[in-house]
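A.B. asks: Sequence plus predicted model, see below.
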Amino acid sequence: MSALRPLISKLKICTFCTSVLRQTSVPKSTFLRTSALLKRFQSSSAGGSHVEAEMPTQFEVSYEDFKHVEPLLPSSVVPPVPEHEMYPTSSGWFPPNDELRSQQKYTVLRTKNHMLPVYAKVQHRERRTQHLVTIKRIEGDIWALEAELRDFLEKETGGEIIRTQVHEVARLIRVRGLYAPLIADFLLKRGM
Amino acid sequence: MASKVTERALSLIKSLPRVALTNIKDLPSAKRKKTGKPAGQKKKGRGDKGQGARNTWDPLGYEGGQSPLINNVPLERYYGKYALRRQYPPISLLELQRLIDLNRVDISRPVDVTAICNSRLYSLDVAKNHFGFHLTEEGCDSFDAKINLEVQWTSELVIAAVEKSGGTITTRYYDPQSLGAVFDPQTFFQKGLPIPKCKLPPQDALAYYSDPNARGYLADPEKILEARERLAQKYGYKLPDLSSDPVKDLLLMRKDPLQLFYGLEPGWIVNLRDKCVLKPQDEDYRRYYNTVY
C-alpha cells in the first residue's frame, strides 16, 4: 500500500481505477481528471503499462445531457435591459431620459450594470469617521454640475455647508457627507 | 596574453551563475565564534533579585489582588462560537427584484444560488463559513415576480411575499463542498471532478429544513400545500391556483435532496471542452453517489 502511494500521486489515477484505489484507501474524488483519464484510456488500448491496463474505465458519454450544463454557465457580457411596460419598474429602476439629459451642460453616464455611478464610502480615520460620496463617469462641464449639485444639496439640507472636490482629470466629484440618496435623486431628476 | 590560470578562472566564471544578492554569503572567517559566557557577567542581564530575575511574574490579567477586569465585565455571547456558526450572507427581495428587472436572472428557469451568483454581482465564500443566501424582507411590498425560488434561509414574511405573487419558494441546505460546486459551476466543471452528492443538513439545522412552514426541502409536500393556505389566510391574500397555472411545471420543479443541478446527477462528470457529460458505470461508484449516509 505504501509502495503504491508515490506511484498514484505521480500518475494522478482517477476514480475509475477502483481496484487501485481500494488498495490504497485514497478518497475517491481527489484524483479525478477527465481529460487525463481519456488520454490514458486511449494509450492503454495501444498497449499501456500495468497500472493503465487495470483501470475499469466504463462510462457512458452523453452529448445530449450537455443541454443541462449550458444554463449553468455564466454569461460573459452584461445582458441588455428588457423593455418594460411601465417605469419605474417594481424595483424602482428607470432608464436614462435622453431628451432631458441633452438639455444639461453635463452628462453622467450609467455604469455597465445600468446603474448610476454614485458610490458612498465610509472611511475610518483616527477618532472620527468620514463619509464620502463619489460621482464618476462625468462628461461635459464638470464645474457646472458641481455648482448645481452644491445649490441643490444646500437647499435640501437647509443651509448645511457642502464640501465638494472636483477632479477634472479623473472626471469625478467627491462630496463629504451622507448624501448618496440625495445626489442620486438630483441626477435622476435631470434625466441621467 | 594572460596566464593559463587566469584564463581558466575566466572561463569558470563564464560558466558559473551570475553573482547576485541571492547567491552570495559571508566568508567563513567573517563570523566570530560566540564565547560561552561574557567575562564578569553574573546576572544574565535580568537585574538584581525579584520576579524578573526569578521568572515568577504574575499570571496574565492579575491585578494585584483586586477583582480583575475579566471578572468584572459581564460576558458578551453575541459572537460566541462565531467561527463555528453557519453564515448566510443576506440578499433582499428588493435586490432580487432588481436582478430580475435588469435581466440578470432568468426567471424562465428556477432561481437558485447558481442563478444569483452567475449574475456576477453576488458571490459566496466557503472559507468564510458561507452556507448560502439569506433572503431578507426589504422590498417585500413591491416584489411581484412569479418565480420558482430556492434559498438557504428566509422568514415567514418573505415566503408570503413570494407566494402572493404566484411563485414558489424552497429552503435548501448545501454542505460546504456542494456549495463550492453550486455557486460557481464553471470553475467547478473545469476541475473535471465528479458532481458531489449533497449531504443532509446537520442536526441543529434539520428541524428548519424539514419544517413545512419554512418550506424546507425535506418537508412533506402535502404539508407544504397546507402551510401555503394557512399563510395566505394569515396575511390575507388570495393564493393563486397552482394546478391551472401555465408555468406549473416550472414552479413545481424540485431537485432531489442529493442533487445539485437540474438534469445532472451526482457522480457524473462534465467535460466542458468536448461539451459532453460522462456517466460512470461502475456499480460501487454509482451506489456511493446514489445513497444517503
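C.D. replies: Right, received. Where do you want to start?
A.B. asks: Give me the residues contacting the helix or strand containing B:Ala115.
C.D. replies: Using DSSP states H and E, B:Ala115 sits in helix B:113-117. Applying Cβ atoms under 8 Å, 6 or more residues apart in numbering or on different chains, the contact partners of helix B:113-117 are A:72, B:91, B:96, B:99, B:105-106, B:109, B:122-124, B:132-133, B:150-152, B:174, B:179, B:182-185, B:261. For glycine as for every other residue, the C-beta is placed from the backbone atoms N, C-alpha and C.
A.B. asks: just how off-centre is it within its chain?
C.D. replies: 13 Å (Cα atoms, centre = their mean, to the nearest Å).
A.B. asks: Could you list every helix and strand that the helix or strand following that helix packs against?
C.D. replies: Under the assignment DSSP H and E, the closest C-terminal helix or strand after helix B:113-117 is strand B:134-136. Helices and strands touching strand B:134-136, by 3 or more Cβ pairs under 8 Å, 6 or more residues apart in numbering or on different chains; DSSP states H and E, are strand B:90-92, helix B:93-101, strand B:148-151.
A.B. asks: does chain A sit close to the last one?
C.D. replies: No. For strand B:148-151, no contact with chain A is found by Cβ under 8 Å from any Cβ of the partner chain; the gap never falls below 13.6 Å.
A.B. asks: Give me whichever of the helices and strands packed on strand B:134-136 is most buried.
C.D. replies: A comparison of those by mean neighbour count, using mean count of other Cβ atoms under 10 Å in any protein chain shown, puts strand B:148-151 on top with a mean of 24.
A.B. asks: ok, and what's touching it?
C.D. replies: Residues outside strand B:148-151 that contact it (Cβ under 8 Å, 6+ apart) are B:91, B:110-113, B:132-135, B:162, B:167-172, B:217, B:250-253, B:255.
A.B. asks: any idea of the angle the helix or strand following that strand forms with helix B:93-101?
C.D. replies: Heading C-terminal from strand B:148-151, the first helix or strand you meet, by DSSP H and E, is helix B:156-164. Computed by axes from the mean of the first three to the mean of the last three Cα atoms, to 10 degrees, the angle separating helix B:156-164 from helix B:93-101 equals 30 degrees.
A.B. asks: Can you list the buried residues in helix B:156-164?
C.D. replies: For helix B:156-164, the neighbour count (16 or more other Cβ atoms under 10 Å in any protein chain shown) marks B:Val158, B:Ile159, B:Ala160, B:Ala161, B:Val162, B:Glu163, B:Lys164 as buried.
A.B. asks: And stretch B:194-206, by the same measure?
C.D. replies: Under 16+ other Cβ under 10 Å, the buried positions of stretch B:194-206 are B:Pro194, B:Ile195, B:Pro196, B:Lys197, B:Cys198, B:Lys199, B:Leu200, B:Pro201, B:Ala205.
A.B. asks: Please report the distance of the fourth one from chain A.
C.D. replies: It refers to B:Lys197. With distances taken as Cβ to the nearest Cβ, to the nearest Å, B:Lys197 is found 10 Å from chain A.
A.B. asks: Where does the prediction get shaky in the stretch 151-293 of chain B?
C.D. replies: Judged by pLDDT under 70, the stretch 151-293 of chain B has no weakly predicted residues.
A.B. asks: do chain A as well
C.D. replies: Ranges of chain A meeting pLDDT under 70: A:1-56.
A.B. asks: quick one, domains of it?
C.D. replies: A:1-74, A:98-189 (automatic domain parsing).
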